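In: here's my sequence, what's the structure:
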Amino acid sequence: MNKRMSGVLVLFICINILTISTASAYEYSVTTIDEYVILGDLDPWGQNEYERVEYWLHDVAGWTEEFHESEYNVDESDFGTSNSGYKGLDEADFHFHFGHGVDDIGTELALRNWLPGINI
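Out: Numbers count the residues shown, from 1 in each chain. Model prediction:
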């Protein structure tokens, strides 16, 4: 192997190692709500979108999943509302949410048991 080819090979290996080690340093989190008390259900789209996010971020890019909460398990703490202890999405570099957003009095995410007017 000539010097130029070995130099290209070493550069290729270094770039791949740097890419892999950099990608594995990223974390993501996911919340999905498909079934609501009074809003229309979105089933099965939340699970389908979660699988897509998991494939691209975890399987392809090598990111680490910090957490995945769904349905009854999704609450305000998952969205970084606490200043201590569990900080939800603040623990990850990227957060993906699937579910209803509501423009009742300003835009808000609708949790599973969302009711109009009292979630201010």
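
In: what number of residues lie near the closest residue to Y36 other than its chain neighbours?
Out: Once flanking residues are discounted, Y36 sits nearest to R112: 5.8 Å by CB to CB, 6 or more residues apart in numbering. In short, each C-beta sits where N, CA and C put it, glycine included. By the other CB atoms under 10 Å criterion, the neighbourhood of R112 contains 18 residues.

In: list the contacts of R112.
Out: Residues near R112 by CB atoms under 8 Å, 6 or more residues apart in numbering: 33, 35-37, 71-72, 74.

In: which one (most neighbours) among these?
Out: Busiest of the contacts of R112 [other CB under 10 Å] is I33, holding 26 neighbours.

In: re the thing from before, so for the residue nearest to Y36, what's the pLDDT?
Out: We note a pLDDT of 82 for R112 in this prediction.

In: and which of the contacts of R112 is nearest to G99?
Out: I33 (3.6 Å; CB to CB).

In: the closest one and L109: what is the separation?
Out: 9 Å (CB to CB, to the nearest Å).

In: same check, this time on V102
Out: Distance from V102 to L109, by CB to CB: 8 Å.

In: one more: Y55?
Out: For Y55 relative to L109 (CB to CB), the value is 24 Å.

In: D78 too?
Out: D78 is 10 Å from L109, by CB to CB.

In: which of those two has more neighbours?
Out: More crowded of D78 and L109, by other CB under 10 Å: D78, with 22 against 17.
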